[in-house]
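Engineer: any chance you could fold what I've pasted below:
(2 chains)
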Amino acid sequence: MTLFLEQLLNGLQFGVMLFLLAAGLTLIFGIMGVINLAHGSIYMVGAYAGTWVAMQTGSFFLGIPAALAAAALVGAAIEFLIVRRLYKRDHLDQVLATFALILIFNQVVTLLFGRQPLFVSIPPLLDGSVQLLPGLPYPVYRLAIIVVGLLIAVGLYLLINKTRIGMLVRAGSTNREMVRALGVDVRVLYTIVFGLGALLAGLAGMMAGPILAVQVGMGEQILITTFVVVVIGGVGSIRGAFVASLLLGVVDTMLRAYLPSMLRHVMVGPEADALGAGIASMGIYLLMALVLLIRPKGLFASNF
Amino acid sequence: MDNSIKKQILLAVVAVLLLALPFIASATGYPAMTSLATRALIYGIAAASLNLVLGYGGMVSFGHAAFFGLGGYVVGILYQHYTQDDLFLGLVPGTNQLLVTLPVTLIVCGAAAALIGALSLRTGGVQFIMITLAFAQMLFFLFVSLKTYGGDDGLIIRRTNELFGLKMRDKQTYYYVCLAITAVFFFLLWRLVNSRFGNVLTGLRQNARRMAALGLPAYRYKLVAFIISGMGAGLAGCLMANFLRFASPDMVHWTKSGELMVMVVLGGVGTLFGPLIGAAAYIVLESVLASWTEYWQLGLGFILLFVVLYTNGGIEALFGRLLGRRV
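Structural biologist: The predicted structure follows:
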């Protein structure tokens, strides 16, 4: 039972990380109609910038603003130089241009930091673990990620539902042309949304640093999972992204934790492990196929 | 009229050049050119297949590496069972005859495309892109987890499939086999895109609602196109596995789907020979850039970005404009 709870928390932690990426991605698609494959690259940039600063200064908490600044700057630059030209293009051009950006970012980061992954240790303040329940110790750092993720979810909810910018964002994702016709400067809105998405991606990258290796290619792995989240949640819906992130995080973690041992009952050890890991990796895609079969626009599709 | 004669002459010149290529290669002291050209032909088939759904049908599939890799694994798995002299799933004996593996590839990839297409085509737009990608990823992880068939490391095929007692291991012979198959493939594709079916497909891309109003079942047409396209990509995978004598999860990796799309766009979306030109350009670009620097993908990224943002219709359109200007 405690193991189950621990895996549930791990799933939640993975889920909120996914949410930080998916929130930006789903907004960018919902409002601008752009598929941004480079979102994973921004995550990587945040992770590298933050981790590098943390390694140089020895302070994890100095790394956070560095990660946020780098991600937001790179995001704004991408929007200004490339993505701005893609708003009117079809999906194919968007996919290919941002695919090109992935290649460029991966190579540039390799040139700057080499092929060796970077490691940063968990800051002392968040090191160690707490007893959540008797017999259930849990790492403080992962708990902190969950808390930060949930706080950001609440913040986004307030931003989208209670502020003027949020109102424009909602209006933009419902009917882009009408917002423009009403005299809103959509270009500023687009840059703000893109920057916000980049900021969240950078934060996710920085927080992932101490638990995952910071390496080239880290962005693509999580990017594809994030796309699954966005599609399951319904493109353009923050609420959908939130529900789908937590769902996927938990499902993926549970499958990885329990499937190999279940398969070991019916076949030999190493083969069961390999096959179990494989099927666990396929799990989220199967889930997505299922959801799309029942609701082709996703669970919380906004109507556009 | 004038233009079509010009096109025919161009086609004839290209055909003669392709036939003479191995001799030119060995005469000029670049024997590696034959291998390069073989790869270009094979990727040309895959890219042209993708182009059928992407360019003509307007369905942006981000998962064609699934069929490419599946084709490769059909060859690999059948070969492994041939050497081990046992049965696949206890039912199917292995083989090393290209005349068997090729049709099997087409059937398997056609069936896979029917399944994936039937599910994916229920959606459209960005969801279609993502669900095709998801299916490809599923296959990728499946092959990675199949330890019996090499898992991560892939499947080595010690000998190329046999065909009429030809020396298939010989680079020149295999080049000509691929050239012949490519020629047949493009002839069929040419007939297909100029048929009523091809017109309906183009019509569906331009205005699905109008085609529906004409009483045409859009879903069925798209599905058939998707199946044919999957079979074409599988054919390319089968040839590639024979050429490399290796099938690996790399063939199913999502960047491979991206590469195929890049080839289509480099060459020209929705044109018959564009993808072939695009594949050749990509292969040449890759080998030239890679010989300069290990960071060749950086250059590729910038070129791709330039092509997408600033050219309108890729290399074939560039040619067309050059030809047009000369008239």
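
Engineer: report the secondary structure element holding the residue nearest to A:Arg142 when sequence neighbours are not counted.
Structural biologist: Spatial nearest neighbour of A:Arg142, chain neighbours left out: A:Gln13 (4.7 Å); criterion: CB to CB, 6 or more residues apart in numbering or on different chains. Every C-beta, even on glycine, is put in place using the N, C-alpha and C of the backbone. According to DSSP states H and E, A:Gln13 maps onto helix A:2-27.

Engineer: follow-up on the earlier one: how many neighbouring residues does the residue nearest to A:Arg142 have?
Structural biologist: Residue crowding around A:Gln13 was assessed by other CB atoms under 10 Å in any protein chain shown; the count is 23.

Engineer: right, and it touches A:Ala144 too?
Structural biologist: No: using CB atoms under 8 Å as the test, A:Gln13 is too far from A:Ala144 to be in contact (9.5 Å).

Engineer: and the helices in the chain, which stretches?
Structural biologist: By default, I'm working from chain A. Taking DSSP state H as the test, the helices found in chain A are A:2-27, A:39-57, A:60-81, A:91-113, A:140-162, A:164-174, A:176-181, A:186-208, A:218-233, A:238-263, A:269-294.

Engineer: oops, chain B please
Structural biologist: Under DSSP H, chain B gives helices at B:2-27, B:32-51, B:65-84, B:98-120, B:125-145, B:171-193, B:196-206, B:208-213, B:218-244, B:254-267, B:274-292, B:296-310, B:314-326.

Engineer: the helices of chain A: which one's closest to B:Asn96?
Structural biologist: Within these, the stretch nearest B:Asn96 is helix A:269-294; the backing value is 26.2 Å (CB to CB).

Engineer: in the closest one, what's buried?
Structural biologist: Within helix A:269-294, the residues scored as buried using 16 or more other CB atoms under 10 Å in any protein chain shown are A:271-285, A:287-289, A:291-292.

Engineer: ok, so what distance separates B:Arg159 from B:Tyr82?
Structural biologist: 10 Å (CB to CB, to the nearest Å).

Engineer: I meant to write B:Thr105 there.
Structural biologist: From B:Thr105 over to B:Tyr82 (counting by CB to CB), the distance is 15 Å.

Engineer: tell me the contacts of the nearest residue to A:Phe60 once chain neighbours are set aside?
Structural biologist: Nearest residue to A:Phe60, sequence neighbours excluded (CB to CB, 6+ apart): A:Pro123, at 3.7 Å. The contact partners of A:Pro123, taken as CB atoms under 8 Å, 6 or more residues apart in numbering or on different chains, are A:Ser59, A:Phe60, A:Phe61.

Engineer: out of these, grab the one that's most surrounded.
Structural biologist: With neighbours taken as other CB under 10 Å, the top of the contacts of A:Pro123 is A:Phe60, carrying 23 neighbours.

Engineer: mind listing what it touches?
Structural biologist: A:Phe60 touches A:Ala54, A:Val120, A:Ser121, A:Ile122, A:Pro123, A:Pro210, counting by CB under 8 Å, 6+ apart.

Engineer: try it again at 7 Å.
Structural biologist: A:Ala54, A:Val120, A:Pro123 (CB atoms under 7 Å, 6 or more residues apart in numbering or on different chains).

Engineer: now render the residues you listed as a markdown table, adding distance to B:His64.
Structural biologist: A markdown table is the format used below for the contacts of A:Phe60 (distance: CB to CB, whole Å):
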| residue | distance to B:His64 |
| --- | --- |
| A:Ala54 | 41 |
| A:Val120 | 39 |
| A:Pro123 | 45 |
